[in-house]
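> The sequence and its predicted three-dimensional model are supplied below.
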Amino acid sequence: MLKQFTNSNWLKDLKKKLELSSIQREVLIGTVLGDGCLKISRSGKAAQLQICHSFKAKEYVFWKQQIFKNWVFAEPRYHQINNSLIFRTLSHSLILEYMKAFYKKKIKIIPQNIRDILKSNLSLAVWFMDDGNGYRKDDALRISTYAFGLEGNKLLKNCLRENFNLDVSLYKDSKGWQIYVPVGNGSAKKFRDLINPFVIPYMRYKLEHRSPVETDMEGTR
C-alpha cells in the first residue's frame with residue numbers, strides 16, 4: 001500500500017473516485033466545529049482534515065479513523081509532547097469546500113450560512129464529544145466555543161434554535177464566550193435526547209456526571 005501511495009498516477013486515480021459519504025460529511029462538520037482542523041495543500045487546490053485528541057481518548061480517535069478509513073492510509077501517530085494521537089485524511093477538493101466555509105485568512109470561523117451546514121444530530125453529537133461537557137451537580141450542558149467570539153456564538157445560537165429547537169444561552173467567562181444549554185427550559189434534556197444515540201461509550205462520561213478516570217474504572221470503554 002505504501003508503494004502504491006507514493007505512485008502519483010495511482011493516487012490521482014484514487015482521488016477521482018473518492019466521495020464523502022453523508023456520515024463522513026456529518027462527522028467532518030462536527031469535528032471542524034470542535035477540535036479538528038483543516039489544512040490547505042501546497043497547490044491551494046485541496047485540503048485535508050486533521051484529527052488530534054489526547055491519548056486517553058484513543059477509542060474516540062480510532063472511531064473517527066474508522067469513519068474515514070477510505071480516506072486515511074496510516075495509523076494514528078503518537079505525539080509524546082502533548083500525549084496525543086493524530087491522523088490526517090488525504091488532501092482533496094471536496095474537503096477544500098469546507099475549508100472555504102470555515103476558514104478566513106487561516107483562522108477558523110463560523111460561516112454566515114451555518115444553518116445550512118449544521119443540520120444533523122450526528123454532527124451535533126461529534127461537536128459535543130469534541131468540545132462539550134456536563135456539570136457535576138446538575139443536568140446543564142456547555143460547549144467550549146471560545147475561539148468563535150461573540151458573533152460566531154450568536155450564529156451558532158440561532159442555528160441551534162432554528163435547526164434543533166434548542167434555546168441556549170451565551171455565557172462569558174475569563175476565556176471568552178461559550179454556549180450554555182440550560183435545564184429550566186428543557187433544552188438540556190432535548191439536547192441529550194438528540195445526541196444520545198451517537199455518543200460512543202468512552203465519551204458518555206460527558207453526559208453522565210463522571211470524569212474520564214471514573215469511566216475507565218467502571219469499564220465502560
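Nice, I can see it.
> check contacts around the residue nearest the centre of the chain.
Nearest residue to the geometric centre of the chain (Cα atoms, centre = their mean): Thr31, 1.7 Å. If you count contacts by Cβ atoms under 8 Å, 6 or more residues apart in numbering, Thr31 has them with 49, 51, 64, 126-127, 130. All C-beta atoms are positioned from the backbone trio N, CA, C, and that covers glycine.
> redo that, cut-off 7 Å
For Thr31, the contact set (Cβ atoms under 7 Å, 6 or more residues apart in numbering) comprises 49, 51, 126, 130.
> What's the mean pLDDT across stretch 107-123?
Here stretch 107-123 scores 98 as its mean pLDDT.
> And stretch 22-37, by the same measure?
Average pLDDT, stretch 22-37: 98.
> Setting aside sequence neighbours, what's the nearest residue to Leu150?
Spatial nearest neighbour of Leu150, excluding adjacent residues (Cβ to Cβ, 6 or more residues apart in numbering): Trp177 at 5.4 Å.
> what's the burial count for the one you found?
For Trp177, the neighbour count with other Cβ atoms under 10 Å is 22.
> Then Pro76?
20.
> so it sits right up against Leu85, yeah?
Yes. Using Cβ atoms under 7 Å, Pro76 is in contact with Leu85, at 4.1 Å.
> pLDDT weak spots in this structure?
1-7, 211-221 (pLDDT under 70).
> all helices of it, in order?
All helices of the chain, identified by DSSP state H, fall at 2-5, 8-17, 22-33, 58-67, 93-102, 114-117, 121-131, 149-164, 187-195, 212-217.
> which one of those has the most crowded surroundings?
helix 121-131 (a mean of 24; mean count of other Cβ atoms under 10 Å).
> Next, the angle helix 149-164 makes with that one.
Helix 121-131 and helix 149-164 are oriented at 150 degrees to each other (axes from the mean of the first three to the mean of the last three Cα atoms, to 10 degrees).
> picking that back up, of all the helices of the chain, which one is nearest Leu141?
helix 187-195 (5.3 Å; Cβ to Cβ).
> Against which helices or strands is that closest one packed?
helix 121-131, strand 176-181 (3 or more Cβ pairs under 7 Å, 6 or more residues apart in numbering; DSSP states H and E).
> Pipe the ones you listed into JSON lines and attach distance to Leu150 per row.
JSON lines is the format used below for the helices and strands packed on helix 187-195 (distance: least, Cβ to Cβ, whole Å):
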{"stretch": "helix 121-131", "distance to Leu150": "17"}
{"stretch": "strand 176-181", "distance to Leu150": "5"}
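> Let me see the contact set for the closest residue to Gln48 other than its chain neighbours.
Spatially, and ignoring its direct neighbours in sequence, Gln48 is nearest to Ser91 (4.4 Å; Cβ to Cβ, 6+ apart). Shown in contact with Ser91 (Cβ under 7 Å, 6+ apart): 41, 46-48.
> switch to 6 Å and redo it
Ser91 is in contact with 41, 46, 48, counting by Cβ atoms under 6 Å, 6 or more residues apart in numbering.
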